[in-house]
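K.L.:
sharing a model that was predicted from the sequence below.
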Amino acid sequence: MGFIHNYKEKKQQVKEKKLIYNDTLKSGGLTIAYDEGKYLGGHPDIIGEKEGDITVKSTGVFFNDTQNFNFIFFPIEKLLKSEFLTGEQISKNEAFSRILAFSGFSFAFKRKTREKHMYLTINYLLNDVECQVLFETKSANRLASAIAKIVQEYVTNNKVDTRLSVYARMKELSELKALGILTEEDFNEKKRELLSKI
């Protein structure tokens with residue numbers, strides 16, 4: 001009786017997740033690009049490698065784990081940048097190597113094979129901390145271009161807000177420095193990061 005009850009409960013949860021995902025996706029604006037891919041790591045809500053769908057909409061980027069219908073959404077205002085890389089480039093990057101090590105992914109395949117693999121990276125803000133997520137997909141270049149396009153449009157349409165938010169953040173940093181919470185070195189580093197966004 002317990003097994004059947006657990007099975008029915010899990011089936012109902014998947015059905016509910018599917019409905020939430022479909023509703024969220026429908027309300028997400030115009031679809032710019034889509035492809036299937038493999039999530040490799042970088043987001044706290046999904047652990048381990050997952051096969052799924054990557055959808056770039058005018059409001060952000062969706063990833064749906066097609067087996068369990070767990071999905072993550074990167075809203076446009078939290079997206080920073082994206083790029084596509086080959087397996088060779090990924091294997092030489094220390095930050096990506098750590099992400100892949102966490103997910104259990106291995107670069108044990110040969111160099112020629114490694115070059116054929118294409119990866120999509122997305123930098124995003126999570127609780128005001130810059131994070132990076134990694135996907136393997138055949139259309140990494142097309143998806144990265146689509147993400148760059150929606151981010152550029154968002155920045156262009158919100159240029160005044162971006163400058164004001166940088167100014168407000170600089171003011172906050174100055175106050176933290178005055179209180180002794182930030183060192184001079186930390187303050188200057190954060191200031192350079194913020195000024196580069198203008």
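P.N.:
Great, that's in hand. Numbers count the residues shown, from 1 in each chain.

K.L.:
and Lys138, which of the three is it?
P.N.:
Assigned with DSSP: H, G, I helix; E, B strand; the rest coil, Lys138 falls in the coil class.

K.L.:
next one, pLDDT for Thr137 please.
P.N.:
Per-residue pLDDT puts Thr137 at 94.

K.L.:
and it, what does it touch?
P.N.:
Applying Cβ atoms under 8 Å, 6 or more residues apart in numbering to Thr137 gives the contacts 35-38, 54, 118-120, 143. Every residue, glycine included, has its C-beta placed from N, CA and C.

K.L.:
any idea which element Glu36 lies in?
P.N.:
Assigning secondary structure by DSSP states H and E places Glu36 in strand 31-41.

K.L.:
off-centre distance for that strand?
P.N.:
Distance, stretch centre to chain centre, for strand 31-41: 11 Å (Cα atoms, centre = their mean, to the nearest Å).

K.L.:
after the one helix or strand in the chain whose mean pLDDT sits lowest comes which helix or strand?
P.N.:
Ranked by mean pLDDT, DSSP states H and E, the weakest helix or strand in the chain is helix 111-116, scoring a mean of 53. Next in sequence after helix 111-116, counting helices and strands by DSSP H and E, comes strand 118-126.
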